[in-house]
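Engineer: structure of the sequence below:
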Amino acid sequence: MREWVVKRRERTRQLIELGGLVVKAGLVDLTDDDRATLYGAFLAVADRLRGGEADNARTLWRRKGSRAFEAQQDDASSVAQLEAH
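Structural biologist: Presented below is the predicted three-dimensional model:
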């Protein structure tokens, strides 16, 4: 397969996954799918990451995201166990 096709597919997958995170965080519903509001929020996050507290913000957000992923995984495991019985 051509290299540009592989790169395009990788990029498409990345964009779909990032969009999924926006939905998973509830931002689409909370903003009534207002793209300007979402973009403004992302710009505010980017500003914070450019500021003096970037490392603290990044650490806080990484921990919160990791906990949320783990909780979701635990919930999925619990449901699977219940369905198996």
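
Engineer: and Arg48, how many neighbours?
Structural biologist: 15 (other C-beta atoms under 10 Å). From N, CA and C alone the C-beta is placed, and that goes for glycine too.

Engineer: then the one 5 residues further on?
Structural biologist: Close neighbours of Glu53, defined as other C-beta under 10 Å, add up to 10.

Engineer: any idea how far it lies from Glu17?
Structural biologist: Per C-beta to C-beta, to the nearest Å, Glu53 is found 27 Å from Glu17.

Engineer: try Leu60
Structural biologist: 22 Å.

Engineer: for the lengthiest helix in the chain, buried residues please.
Structural biologist: Criterion DSSP state H: the longest helix present in the chain is helix 54-84. By neighbour count on 16 or more other C-beta atoms under 10 Å, the buried set for helix 54-84 is empty.

Engineer: how about stretch 14-25?
Structural biologist: Going through stretch 14-25 with 16+ other C-beta under 10 Å, nothing comes out buried.

Engineer: send the alpha carbons of that stretch over as PDB?
Structural biologist: What follows is stretch 14-25, C-alpha atoms only, in PDB (Å, rounded to 0.1, in the frame of the first residue of the first chain):
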ATOM      1  CA  GLN A  14      -6.600   9.900  15.000                       C
ATOM      2  CA  LEU A  15      -9.300  12.400  14.100                       C
ATOM      3  CA  ILE A  16     -12.100   9.900  14.700                       C
ATOM      4  CA  GLU A  17     -10.600   8.900  18.100                       C
ATOM      5  CA  LEU A  18     -10.200  12.600  19.100                       C
ATOM      6  CA  GLY A  19     -13.800  13.300  18.100                       C
ATOM      7  CA  GLY A  20     -14.900  10.300  20.200                       C
ATOM      8  CA  LEU A  21     -13.200  11.800  23.200                       C
ATOM      9  CA  VAL A  22     -15.200  15.000  22.800                       C
ATOM     10  CA  VAL A  23     -18.400  13.000  22.800                       C
ATOM     11  CA  LYS A  24     -17.200  10.700  25.600                       C
ATOM     12  CA  ALA A  25     -16.500  13.800  27.800                       C
END
